[in-house]
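Novice: sequence unknown, structure follows:
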């Protein structure tokens, strides 16, 4: 499934790199897409604060979800557009596929959770930061367990299908 939804992997890794740059965390190397496991990764310096580390770990959820909404709504508008009549269906389906692939890879990965868990176990991280990190790691772990039950696919379907459906209902 990851090979069919590779744009979502690229967006996921872009979100990590973007968050690092926005938070002043030096990025050493970015691999947006490759064959193998993991299919993409971002190597960066250790964040100075737990909050920064959390933001880098969860950035794909927000960035991917927003892009998925953008693509799915774009596909919906294209499907109803009087323009591009000869390619309208292909463009609309491409928008929905891009939206689905972004939303499917929105959940933080197990590597993201592992990285945060190293901070929890580190003696250099203070207690307040650890108390902030533990629930986030727990939510990431629950999300990863949910992917085994296709929760990520259900999330992607909802993100791609519900907004355009509501738009169609509202606009008639």
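Specialist: That came in fine, so what should we check first? All figures in this text were calculated on a predicted structure; none of them were measured in a lab.
Novice: rest of the way, CA atoms for contacts and neighbours
Specialist: OK.
Novice: Dead centre of this structure: give me the residue that sits there.
Specialist: residue 106 (2.5 Å; C-alpha atoms, centre = their mean).
Novice: Return the backbone torsion pair for the nearest residue to that one once chain neighbours are set aside.
Specialist: Distances taken as C-alpha to C-alpha, 6 or more residues apart in numbering place residue 61 nearest to residue 106, at 4.3 Å, with adjacent residues excluded. Residue 61 has phi and psi values of phi -60, psi -50 when expressed as degrees, to the nearest 10.
Novice: my guess is residue 61 meets residue 104, correct?
Specialist: No - in this structure residue 61 lies outside contact range of residue 104 using C-alpha atoms under 8 Å: 9.8 Å.
Novice: ok, these two, which is more surrounded?
Specialist: residue 104 (31 against 19; other C-alpha atoms under 10 Å).
Novice: got the contact list for that one?
Specialist: 5, 8, 152, 153, 155, 156 (C-alpha atoms under 8 Å, 6 or more residues apart in numbering).
Novice: Report the two of those residues separated the most.
Specialist: 5 and 155 (14.4 Å; C-alpha to C-alpha).
Novice: quick one on the thing from earlier: quick one: contacts for the residue nearest to residue 106?
Specialist: Residue 61 neighbours (C-alpha under 8 Å, 6+ apart): 12, 106, 107, 108.
Novice: now do residue 2
Specialist: residue 9.
Novice: Start the count at 623 instead of 1 going forward.
Specialist: Taking 623 as the first residue, the last one we looked at is residue 624.
Novice: Quick check: it vs residue 697, distance?
Specialist: 21 Å (C-alpha to C-alpha, to the nearest Å).
Novice: And for residue 721?
Specialist: 9 Å.
Novice: Where does residue 697 sit, in terms of helix or strand?
Specialist: helix 672-702 (DSSP states H and E).
Novice: mean confidence score for that helix?
Specialist: Mean per-residue pLDDT for helix 672-702: 91.
Novice: in that helix, what's buried?
Specialist: For helix 672-702, burial by neighbour count (16 or more other C-alpha atoms under 10 Å) applies to 672, 674-701.
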